[in-house]
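Colleague: Next input, structure requested:
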Amino acid sequence: MTLESQEPLSDAPVWDPIQQIYIGGKLPENDEVRELLESGDGSLRLFGYGSLCWNPGTGPLAHPGVVSKLGRAKGYKRCWAQRSTDHRGNPQFPGIVCTLLEDQEVVDIRKTAMKDVTPPEAPTLTEGVIYWIPPELVAECLDELDFREKGGYARETISVIEDDSGETQKALLYRGTPDSPAFWNRILLDLPHAAAIMAVSEGPSGKNDFYLNSLDEFLTNTHTIEAANDDTTTLASMVRHFQKHSSLHFLYGSGSNQHNQLLLDRPNNAACLIDGEDAHETKEFVLCTAKQTKPDLPENVYAGGGHSGLLTESGKLYLWGWNDNEQCGPKTESEEHQDEASPLACTPPLHGLVVQDAALGFSHTLVIEKDTNRLYGFGSNERGQISGSPSAPVKEPVTPDFLKNVKVKSVAAGLFHSAVITDKGELITFGCGRFGQSLSNMQNDGQVSVGKWIPEDGSPLVDVGCGRRHTVAVDEKGRIWTFGENKYGQLGRPFEGTKDPRPTEIDFSDLDIAFGSDVRLDCGWSHNIVQVTSQDSDIIVYGWGRNDKGQLGTGSFEDSVKKPIQLFQDKRLSFVACGSESTMVLDEDTSAILGCGWNEHGNIATGSQEDQARLVKTKGSKVYGPPGLHDGKVILAVGGGHHIATMKPLRSR
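Modeller: Numbers count the residues shown, from 1 in each chain. This next block holds a predicted model:
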């Protein structure tokens, strides 16, 4: 083969970040590759270690003139660490394929998660197939392989050992290196997570598990010592277990994992958490649940003080994380021991309840039962936030006596108080009322309260939010009412004093906006966000309250904003949610998640611990949709005490 018979090898391909493949030109290579192509009699040796082991295709590699033999790459390990969007996955949900990494590259990557990593005592030997390609087929073969391996691979040379003769030969290698745009460090370190992805992903070339199992079968049939130490066999076993026993939900999050609220507890800190605890960038995580007889798609995601939750279409609520007060619900004996062989801990659903909606407080949980609209609560009841009067933690879901004959349509949970909107449009609050955040009918010198309220004109209330020490409600006319602590202006209205227990309307008249019924509110600990959907379907955002951490994204760390102001006017947003002292938004034009505010645990995923006074784009993993069942648009994000949880569901919230 001569260089004149090809397109110039110097033509540089362009990486397409949307399709996540190289487009145009020849794949990246080095001088050794060019020398190999120019040397000898024009023939070419090629080493295959992935699909080429079992699927040479129907093109030039299947030609009778091509000879193939078993061989090994010395000093290289087969690693499942390469995203695949063109074969075994797609840009909306990438699959995973393998690459070859030098032993030292593997050591260096593992050092990012583990303190003590030593190289193998002897060079790793990785079994594959050596192809001998005659001169007349080389150009055609390279063209096909450049297209086949455009998903982040580069050309290199490698020394390979023929199994039969023991001879060492130079061969061409296509591999994804650690600096490849498709390389996925996390997957190499976290085999259960990799197996979960491969159990469900599918691309233009077929299902991911078929690729994995075919390579596993090849390695089994070669009967080599190296095959027994290959991750391929372990991953294939994990995938089979997931497919037989598990349903898998893919979520993303950042911030604290102190209580495993991000499901990132792994041996050797595979998720590379800072100090083994905090994710300063968005990380992928998987909720593993028992196998369902039919698809049960995720419908909503929740984040509390240190626990998280996911609700499915069928009404199953899964809770995980901090559980010192039983805020993740009781577990039956069979649930506590279910599927101990699973590669990932299997989370059982809340027992005995079909759930319509939920609210996660600091250390308690409230749920609305489907069909009956009855409220149940469990977890900490230290301030009466479940029953209306203080007690030890509530370990079984209970309905407060004052709500036993009441239908609930909306629920909110603060740090130590709770609130519901009834089917009659009444607001009922219970729990700590020390700062006026729970309505009158005071008990225990104002420490605990249960109360009911509706505007004097009888306008039904439609939504409610609870902060740390204040409460906000919206009626069907779009009016917003606040009461509770006002230390940081979180009541959003003129008031002299630190607290006001009287629900009072906020005056928005000077903002020149007519509120209708399409108003959505969210509360942080001491700040508030209101979304109003305009006639043009644009979301207009208003905020007020505490801002010393940049919670409102105004560009300053002003201590407090005491009157509502319009926020984020330079962006078109499709979702806004409050963390405890932060705000997360979704940019409609770019589909990017941005955050501002408190960032001590990396909870707004900027890659640092610095608070942000303006919206900053999150770093880390892209948020992908459910495999095969996505609309490509909606991302749902919620903020907890020190973490955020995110997913892309099938519909808007």
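Colleague: which residues of the stretch 301-450 of the chain score low on pLDDT?
Modeller: 333-339, 440-448 (pLDDT under 70).
Colleague: what are the ranges of the helices in it?
Modeller: Secondary structure of the stretch 301-450 of the chain (DSSP state H, counting those that start in this stretch): helices at 333-336.
Colleague: Can you list the residue ranges for strands in it?
Modeller: Listed in chain order, the strands of the stretch 301-450 of the chain (DSSP state E, counting those that start in this stretch) span residues 307-312, 317-321, 355-360, 364-369, 375-379, 394-398, 408-413, 417-422, 427-432, 442-443, 448-453.
Colleague: which residues are in contact with the fifth one?
Modeller: In other words, strand 375-379. The contact list for strand 375-379 (CB atoms under 8 Å, 6 or more residues apart in numbering) reads 325-327, 329-330, 353, 361, 363-369, 385-387, 393-400, 403, 406, 408, 411, 418, 420. Glycine gets a C-beta too; all of them are placed from N, C-alpha and C.
Colleague: what angle do it and strand 317-321 make?
Modeller: When axes from the mean of the first three to the mean of the last three CA atoms, to 10 degrees is applied, the directions of strand 375-379 and strand 317-321 differ by 20 degrees.
Colleague: Residue numbering should commence at 759 henceforth.
Modeller: Got it, first residue is 759 now, which makes that one strand 1133-1137.
Colleague: ok, residue 1313 - contacts?
Modeller: Neighbour list for residue 1313: 1371-1372 [criterion: CB under 8 Å, 6+ apart].
Colleague: same question but for residue 1018, I mixed them up
Modeller: Applying CB under 8 Å, 6+ apart, we find residue 1018 in contact with 1078-1079.
Colleague: tell me the SS of residue 886?
Modeller: Under DSSP: H, G, I helix; E, B strand; the rest coil, the three-state class of residue 886 is strand.
Colleague: Contact partners for it?
Modeller: Per CB under 8 Å, 6+ apart, neighbours of residue 886: 805-807, 810-811, 828-831, 918.
Colleague: Show me how to select, in ChimeraX, the buried members of these.
Modeller: Only the buried entries of these go into this ChimeraX selection, using 16 or more other CB atoms under 10 Å:
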select :805,806,807,810,811,828,829,830,831,918
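Colleague: what's the weakest-modelled helix or strand in the protein?
Modeller: Sorting the helices and strands of the chain by mean pLDDT, DSSP states H and E puts strand 1200-1201 at the bottom, at a mean of 45.
Colleague: quick one: residue 1354 from residue 1131, how far?
Modeller: To residue 1131, residue 1354 is 36 Å away according to CB to CB, to the nearest Å.
Colleague: where does the stretch 759-908 of the chain have low pLDDT?
Modeller: Low-confidence segments of the stretch 759-908 of the chain (pLDDT under 70): 759-769, 798.
Colleague: In it, mark out all the helices, start to finish.
Modeller: Assigned by DSSP H, counting those that start in this stretch, the stretch 759-908 of the chain shows helices spanning 789-796, 861-869, 893-906.
Colleague: which one of these has the most crowded surroundings?
Modeller: Of all the helices of the stretch 759-908 of the chain, helix 893-906 carries the top mean neighbour count, a mean of 18, counting by mean count of other CB atoms under 10 Å.
Colleague: May I have it as CSV, with CA atoms only?
Modeller: The C-alpha coordinates for helix 893-906 follow below in CSV (Å, rounded to 0.1, in the frame of the first residue of the first chain):
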residue,chain,number,x,y,z
PRO,A,893,-2.0,-5.2,0.2
GLU,A,894,-4.9,-5.1,-2.2
LEU,A,895,-7.4,-4.9,0.7
VAL,A,896,-5.6,-2.6,3.1
ALA,A,897,-7.1,0.7,1.8
GLU,A,898,-10.6,-0.6,1.8
CYS,A,899,-10.2,-2.1,5.2
LEU,A,900,-8.9,1.1,6.7
ASP,A,901,-11.8,3.1,5.3
GLU,A,902,-14.3,0.7,6.8
LEU,A,903,-12.5,0.6,10.2
ASP,A,904,-12.3,4.4,10.3
PHE,A,905,-16.0,4.6,9.9
ARG,A,906,-16.6,1.7,12.3
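Colleague: Show me the contact partners of that helix.
Modeller: If you take CB under 8 Å, 6+ apart as the criterion, helix 893-906 is touched by 759, 763-764, 784-785, 795, 799-802, 804, 815, 817-819, 821, 823-824, 891, 932.
Colleague: Likewise for stretch 1077-1085?
Modeller: 1016-1019, 1021, 1045, 1062-1067, 1086-1087, 1105, 1108, 1118-1119, 1121-1123, 1136-1138, 1151-1153.
Colleague: are any of those buried, and which?
Modeller: With burial judged by 16+ other CB under 10 Å, the buried subset of the contacts of stretch 1077-1085 is 1016-1019, 1021, 1045, 1062-1067, 1086-1087, 1105, 1108, 1118-1119, 1121-1123, 1136-1138, 1151-1152.
Colleague: what's the closest non-adjacent residue to residue 1064?
Modeller: Spatial nearest neighbour of residue 1064, excluding adjacent residues (CB to CB, 6 or more residues apart in numbering): residue 1080 at 3.1 Å.
Colleague: re earlier: ok, which pair from the contacts of residue 886 is furthest apart?
Modeller: 810 and 830 (14.5 Å; CB to CB).
Colleague: okay, residue 1354 and residue 1131: which has more neighbours?
Modeller: Legend: neighbour count by other CB atoms under 10 Å for residue 1354 and residue 1131, higher for residue 1354 (28 against 15).
Colleague: roughly how far apart are the residue nearest to residue 1064 and residue 1018?
Modeller: 8 Å.
Colleague: again with residue 1039
Modeller: According to CB to CB, residue 1039 stands 18 Å off from residue 1018.
Colleague: Repeat that for residue 1225.
Modeller: In terms of CB to CB, residue 1225 sits 26 Å off from residue 1018.
Colleague: The most centrally placed residue in the chain pairs with what?
Modeller: The chain has residue 1010 as the residue nearest its centroid, 1.0 Å off, counting by CA atoms, centre = their mean. Judged by DSSP bridges, the bridge partners of residue 1010 are residue 1042, residue 1404.
Colleague: and what of residue 1258?
Modeller: Beta-bridge pairing for residue 1258 (DSSP bridges): residue 1242.
Colleague: domains in the protein, as residue ranges please.
Modeller: As recorded under automatic domain parsing, the domains making up the chain are 761-966, 1004-1379+1387-1405.
Colleague: From residue 916, how far off is residue 785?
Modeller: From residue 785 to residue 916 the distance is 15 Å (CB to CB).
Colleague: Just want to know which of the two has more residues nearby.
Modeller: Between residue 785 and residue 916, counted using other CB under 10 Å, the more crowded position is residue 916 (23 against 20).
Colleague: Identify the residue nearest the more buried one in space, chain neighbours excluded?
Modeller: The shortest distance from residue 916 to any non-neighbouring residue, by CB to CB, 6+ apart, is to residue 931 (4.3 Å).
Colleague: Dihedrals phi and psi, that neighbour?
Modeller: Taking degrees, to the nearest 10, you get phi -130, psi 130 for the backbone angles of residue 931.
Colleague: which of the domains of the chain is buried the deepest?
Modeller: Comparing the domains of the chain by mean neighbour count (mean count of other CB under 10 Å), domain 1004-1379+1387-1405 comes out on top with a mean of 20.
Colleague: Now find how far off-centre it is within its chain.
Modeller: 17 Å (CA atoms, centre = their mean, to the nearest Å).
Colleague: just stretch 890-905 next, same as before
Modeller: With CA atoms, centre = their mean as the basis, stretch 890-905 stands 41 Å off its chain's centre.
Colleague: Please name the bridge partners of the residue nearest to residue 1168 when sequence neighbours are not counted.
Modeller: Nearest-residue entry for residue 1168: residue 1179, 3.9 Å, with adjacent residues in sequence omitted and distances by CB to CB, 6+ apart. Taking DSSP bridges, one obtains residue 1168, residue 1185 as the residues bridged to residue 1179.
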